[in-house]
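J.: Need a 3D model of the sequence below.
(one chain, ligands or ions: 2)
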Amino acid sequence: MKILAIETSCDETAISIIKTYEKSNSSTPKFIILSNQLFSQAKIHAQYGGVFPMVAKREHCKIIMPLLKLALTEAKMFTKRKKPITLGADEKMYKKIFKKEPELFEQFSALIKNTKKPKIDAIAVTKGPGLEPALWVGINFAKALSLVWNIPLLPINHMEGHIVASLLKSKDKSMSYAKAWDQNVKCKTIKFPAVALLISGGHTELVLIKNWFAYKILGKTRDDAVGEAYDKVARMLGLPYPGGPQISRLAETIPDKSSRFPLPRPMFNSDNFDFSFSGLKTAVLYTIKKIPRLTPKMKAEIANEFENAIVEVLLKKTLLATQKHKARTIILGGGVSANKRLRKYFQNMAKENNIELLLPNPALSTDNALMIAIAAYCRVIKPNKKTELTTTKQKTSLSAHGTLTLERLLN
Ligand code: KG4
Ligand code: ZN
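T.: Numbers count the residues shown, from 1 in each chain. Ligands and ions are numbered 1, 2, ... in the order given. Below you'll find the predicted structure:
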């Protein structure tokens, strides 16, 4: 089975194609990566200091078709027609699908007229959560392709993608996107129950996973997501977007834990699994305001203390959740899980407590389409009542789409 996956939930346009092992009835996914393409808009958003949804939408619209062609070419599935065909009576329907992305309709119709249907068996697309205008580009694109090629459509939850990204075995510790894993992939297994800490630009959630797709949200942020806090604090320190890697780099230059600028550890002692990072962000702001001349050394010290505060809170709450629910595995996912210090602390904690730790390759921590393809594959080989493969012609399962949260997806 070949799955084409599309991800446009934030500022990364990504398309991946995987080929699963046909007769694999094993419980762990096995597949070959035929293509894994990604275009990051980070540089475009950096000038605004954060992601603007309408700018993200515009850029997705620009790049998604060239990226699809690139992915199909890489997967050896891009074949030109000798004679162009027409969309015929269905043209109106496709125009309607691309009502909000008219420029994409032109590119879509050119592709369909001039190229042959690729040998794809299912199209997976991120249905949320994410930025609505950005999500719709991927969803409408996937929907139109699914209809025109008559291929089933699998709407996938973005956070589930971040969970399964940790299943991929990394070939080495290389950060290089293209070479970080074998093309021929056998995934790690999950020993249930597991606790997943999902930390991204939009989410901070502790999720109990009792079995495949059996999720319970144990706690989440009451205000800012941890990645959002990183990005906002970076801006305060005059660092470009995305702030996480920038702060992390600065923090690494400060070797010890002591700080001239102590910051709070919000909700560190609360007896629940919720988080709060807005107060920490404000504390950074007040700290900066009190300093007449902020030197590069001071910036690094603040970054270091901020990172320590974040890591300590995340570590403590995750360990508590793990102990309470007797979890055998901890899973990290989302952009912030690329953070080196966080990974080191979690590795030590897991070792000390004899818990399995599943970490995504840093290159797969941030948004990508491979994780959406893997999630789709897991849904196919481990089907439950909530997800079935249906063609869009049978059922337009995305018509009631909104910004879905993990809870809404699963209920
Ligand atoms: O998962 P992701 O790529 O997009 C969302 O779904 O939101 O996460 C992006 C977030 C950004 O806030 C970015 O600053 C943060 O992940 N991030 C990091 C690191 N790399 C990315 N935060 C801390 N340390 C990093 N190394
Ligand atoms: Zn994400």
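
J.: do you know how far the spatially most central residue of the chain is from residue 227?
T.: Central residue of the chain (CA atoms, centre = their mean): residue 367, 3.5 Å from the mean position. Distance of residue 367 to residue 227, computed by CB to CB, to the nearest Å: 11 Å. (Each C-beta comes from the backbone N, C-alpha and C, glycine too.)

J.: Skipping adjacent residues, who's closest to the residue in the stretch 251-400 of the chain positioned nearest to ligand 1 in space?
T.: Taking CB to the nearest ligand atom as the measure, the stretch 251-400 of the chain has residue 335 as its residue closest to ligand 1, at 2.1 Å. Counting by CB to CB, 6 or more residues apart in numbering, residue 335 lies nearest to residue 366, which is 4.3 Å off, once chain neighbours are set aside.

J.: next one: residue 362
T.: Nearest to residue 362 is residue 338, by CB to CB, 6+ apart, at 4.3 Å.

J.: how many other residues sit next to that neighbour?
T.: 22 (other CB atoms under 10 Å).

J.: just the one 5 residues further on next, same as before
T.: Under the neighbour criterion other CB under 10 Å, residue 343 is assigned a count of 18.

J.: Please list all residues in contact with it.
T.: 332, 337, 359, 362 (CB atoms under 8 Å, 6 or more residues apart in numbering).

J.: give me that answer again for 10 Å
T.: 311, 332, 337, 357, 359-360, 362, 365 (CB atoms under 10 Å, 6 or more residues apart in numbering).

J.: Centre of the chain to the helix ranked longest in the chain, how far?
T.: Taking DSSP state H as the criterion, the chain has its longest helix at helix 296-324. Between the centre of helix 296-324 and the centre of its chain there are 22 Å (CA atoms, centre = their mean, to the nearest Å).

J.: Same question for stretch 221-236.
T.: 17 Å.

J.: close to ligand 2, is that stretch?
T.: No. Using CB under 5 Å from the ion, stretch 221-236 stays clear of ligand 2, with a minimum separation of 8.4 Å.

J.: got the buried residues for that stretch?
T.: With burial defined by 16 or more other CB atoms under 10 Å, the residues of stretch 221-236 counted as buried are 221, 223-234, 236.

J.: Let me know the closest of the residues you listed to ligand 1.
T.: Of these, the one sitting nearest to ligand 1 (CB to the nearest ligand atom) turns out to be residue 227, at 2.6 Å.

J.: Just give the closest residue to that closest one, not the sequence neighbours.
T.: residue 201 (3.8 Å).

J.: Walk me through the domains of the protein.
T.: 2-186+365-397, 194-327 (automatic domain parsing).

J.: mind checking the end-to-end distance for the last one?
T.: Distance between the boundary residues of domain 194-327 (CA to CA, to the nearest Å) amounts to 5 Å.

J.: any bit of it sitting next to ligand 1?
T.: Yes. Counting by CB under 6 Å from any ligand atom, ligand 1 has neighbours in domain 194-327: 200-202, 227, 230-231, 242-245, 248.

J.: Let's have these in a markdown table, adding pLDDT.
T.: Formatted as a markdown table, the residues of domain 194-327 next to ligand 1 follow (pLDDT from 0 to 100):
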| residue | pLDDT |
| --- | --- |
| 200 | 96 |
| 201 | 95 |
| 202 | 94 |
| 227 | 97 |
| 230 | 98 |
| 231 | 96 |
| 242 | 94 |
| 243 | 95 |
| 244 | 97 |
| 245 | 97 |
| 248 | 97 |
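
J.: so who does residue 52 touch?
T.: Listed by CB under 10 Å, 6+ apart, the contact set of residue 52 reads 11, 41, 44-45, 58-59, 131, 133-134.

J.: Take those and keep only those in helices.
T.: If you go by DSSP H, the contacts of residue 52 have 44-45, 58-59, 133-134 in helices.

J.: Most neighbours among the residues you listed, which one is it?
T.: Result: residue 134 is most packed of these (other CB under 10 Å), 29 neighbours.

J.: what's the burial count for residue 60?
T.: 30.

J.: Name the helix or strand for the residue nearest to it when sequence neighbours are not counted, please.
T.: Nearest non-adjacent residue to residue 60, counting by CB to CB, 6+ apart: residue 137, 4.0 Å away. Per DSSP states H and E: residue 137 is located in helix 132-149.

J.: Which other helices and strands does that helix contact?
T.: Helices and strands touching helix 132-149, as assessed by 3 or more CB pairs under 10 Å, 6 or more residues apart in numbering; DSSP states H and E, comprise strand 2-7, strand 12-20, helix 53-74, helix 91-97, helix 102-114, strand 122-128, strand 152-157, strand 390-391.

J.: one more time with 8 Å, if that's ok
T.: strand 2-7, helix 53-74, helix 91-97, helix 102-114, strand 122-128, strand 152-157 (3 or more CB pairs under 8 Å, 6 or more residues apart in numbering; DSSP states H and E).

J.: Could you check the angle that helix makes with helix 102-114?
T.: Here helix 132-149 runs at an angle of 20 degrees relative to helix 102-114 (axes from the mean of the first three to the mean of the last three CA atoms, to 10 degrees).
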